[in-house]
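Engineer: Below: sequence and its predicted model.
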Amino acid sequence: MNKTSAVQTIGILTSGGDAPGMNAALRAVARTAWARGIDVKGIYRGYSGLLNDEIFDMKKEFTCDIISRGGTALFTARCEEFKQLEYQEKAAEILRSHNIDGLVVIGGDGSFRGAQKLSAQGINTVALPGTIDLDIACTEYTIGFDTAVNTAMQAIDKIRDSSTSHERCSIIEVMGRNAGYIALWCGVASGAEDILIPERFDGNRPKLENELIESILEKKALGKKHHLIINAEGVGHSYGMAKRIEQATGVETRASILGHMQRGGNPTAKDRVYASYMGALAVDLLCSGATNRVVGYRNGQYIDYDIEDALGMAKDVDQYEFEIAQILGR
Ligand SMILES: Nc1ncnc2c1ncn2[C@@H]1O[C@H](COP(=O)(O)OP(=O)(O)O)[C@@H](O)[C@H]1O
Ligand SMILES: O=P(O)(O)OC[C@H]1O[C@](O)(COP(=O)(O)O)[C@@H](O)[C@@H]1O
Ligand SMILES: [Mg+2]
């Protein structure tokens, strides 16, 4: 019992796509809470597990040997029904029945909406940005992005060796349903000739493919031995694109979709350390009586925002960075 804290029992859940570093975050939440004299309960499988009352008393052992592991020891899920008010009310009841008066939600923008709804139901809630997509406007950093980019970059390096040996064009599709940050970073880090991101795609596929065909022929004429195209999932259609490009250019073209390997693996030091400080801050915010907050990282500092304000912020790929990425691939 901590008489000065606004909350006495903190629940933790992970929600949406898993991200490397979620374990470091939940470990930090639990250990900071214990250090502050607060009880901790784990909630399995995100909002879905919460609605099924999959709640347990977290003990120290649960947080041991997980900081170096990808994924989430609490498991994660997407839960459509949680978008409805009646399920949000039910979830708040369940939390209260376990004496959980503070909740930390680790997930992406969708999960923040859920956290906001629980806050409206009277449960003090703080969210941590856990997503490989980096698509959260209020923060320069999200848990998992750094690891995902490094994992994808290493895979691209390997594909590049094969691509160069065969003097082929390779289209490599990386994750990012609505966001091109993984593609942009991988493109720059791998020296890709072309980078396709949803933020700069107008939906006109024939136009996009014609530009790529021109770019491939131009670079082939300059003596380039391969042509790497990093394609974000949000643009997609990599296999069809490869076929049409090969037909039009005569350059053998292969597509590789990296898929879920990008979400796994041991988190980088950055993901472990940032996630740890963010987890600790979430607890201290709850102790101070805060609710409906999201933790972020900006200008070298860990900060927090109102969830509504955070979700209202717009984010776009920096145009200068995108232009330079294109220049460097020429
Ligand atoms: N508008 C909403 N209201 C309540 N809960 C939501 C809302 N949007 C999303 N959620 C919850 O958050 C979960 C994760 O959202 P999703 O967008 O799939 O992943 P992420 O949190 O990684 O962005 C959803 O399955 C749902 O349970
Ligand atoms: O594993 P799923 O459910 O197919 O989801 C795939 C999506 O999850 C992500 O890996 C991460 O997105 P979220 O963090 O929003 O869940 C996206 O890049 C990808 O489009
Ligand atoms: Mg999301």
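Structural biologist: It's in. Numbers count the residues shown, from 1 in each chain. Ligands and ions are numbered 1, 2, ... in the order given.

Engineer: Check the spacing between whichever residue of the chain sits closest to ligand 2 and P198 real quick.
Structural biologist: Going by C-beta to the nearest ligand atom, ligand 2 is nearest to G17 of the chain, at 2.7 Å. C-betas here are computed from N, CA, C, even on glycine. Distance, G17 to P198, using C-beta to C-beta, to the nearest Å: 17 Å.

Engineer: Of these two, give the one with the bigger neighbour count.
Structural biologist: Shown here are G17 and P198; by other C-beta atoms under 10 Å, G17 has more neighbours (21 against 18).

Engineer: Make sure the more buried one is actually in contact with T72.
Structural biologist: No. Proximity of G17 to T72 does not meet the contact threshold set by C-beta atoms under 8 Å, at 10.0 Å.

Engineer: Tell me how far the residue nearest in space to the middle of the chain lies from T4.
Structural biologist: For the chain, the residue nearest the mean C-alpha position is T131 (1.6 Å; C-alpha atoms, centre = their mean). Distance from T131 to T4, counting by C-beta to C-beta: 33 Å.

Engineer: what does L311 give?
Structural biologist: Going from L311 to T4 by C-beta to C-beta gives 31 Å.

Engineer: same deal with Q247?
Structural biologist: Q247 sits 70 Å away from T4, going by C-beta to C-beta.

Engineer: Which of L311 and T4 has more residues huddled nearby?
Structural biologist: More crowded of L311 and T4, by other C-beta under 10 Å: L311, with 16 against 8.

Engineer: Check that one and give its pLDDT.
Structural biologist: Per-residue pLDDT puts L311 at 95.

Engineer: In this model R113 seems to touch it, though I could be wrong.
Structural biologist: Yes. Contact criterion C-beta under 8 Å: L311 and R113 qualify, at 7.1 Å.

Engineer: chain center to stretch 250-266, what's the gap?
Structural biologist: Mean C-alpha position of stretch 250-266 versus that of the full chain (C-alpha atoms, centre = their mean, to the nearest Å) differs by 18 Å.
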